[in-house]
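**Q** structure for this input, please:
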Amino acid sequence: RRASHPPPPTQTGGVTEEVVRETFYSAMYESVSCSGLFTLAALEDQDPFIFIALAAHALIDIVSASRHLSGAMQLVGGKALTVDNCPAAFEHMLKGMLLFKHSFEQLSRDEILLLKHTSIDDPAVPMPPHLAALKTPPLMDLARRVNGVATAISQRPQFHAIIDNVIALGIAALKG
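**A** Here you go, the predicted structure:
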């Protein structure tokens, strides 16, 4: 299980659409450039799963980083996204995240990695057997819910540009 860390200070003021987009952009870029779960070939080919996987991994990372916040999601710059300060364009997404957030409270690193693997449909990145052994009905239901919100995100026009940019930067980073 994850070690407990003191929560960083958060502010609920100043949450804008740009701050939400920047948070997702940062989480997606971190995942594509550092996780080892995205191959250069899949990014260059823009395999369809890439769009959902990038959104799913961002959701997973943001929700995981927000476990210490009640009814909120941690954003960049120490800001917290709540129902009260959520820009209208992201209300549906936030509600979806808050519905499954409680399920993240006791997840181990391997269980979080399993969730990430459920969005990857790349034969070059098989799920390790020790992760496959962790599949339980509740964890797979959580994966289904995360991937459902990720699918909705990946279809939103404001995220297309972010995802396209992350793919281009991820290709450059992996070729680096």
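**Q** end to end, how far does stretch 113-133 reach?
**A** Length of stretch 113-133, first residue to last, CA to CA, to the nearest Å: 12 Å.
**Q** begin at 7, not 1, for the rest of this chat.
**A** Got it, first residue is 7 now, which makes that one stretch 119-139.
**Q** relative to R73, how far out is the residue sitting nearest the centre point of the chain?
**A** Among the residues of the chain, the one closest to the centroid is A64, at 1.9 Å (CA atoms, centre = their mean). In this structure, A64 and R73 are 16 Å apart, going by CB to CB, to the nearest Å. Any C-beta I mention is one placed from the backbone N, CA and C, and that applies to glycine too.
**Q** just the helices in this protein please.
**A** Under the criterion DSSP state H, the chain carries helices at the ranges 23-40, 46-51, 54-71, 97-107, 115-123, 135-138, 143-160, 163-181.
**Q** for the closest residue to T22 other than its chain neighbours, grab the count of nearby residues.
**A** Closest residue to T22 apart from its sequence neighbours, by CB to CB, 6 or more residues apart in numbering: P93 at 6.4 Å. Look at P93: counted by other CB atoms under 10 Å, it has 15 neighbours.
**Q** low pLDDT regions in this protein?
**A** Residue ranges of the chain with pLDDT under 70: 7-16, 18.
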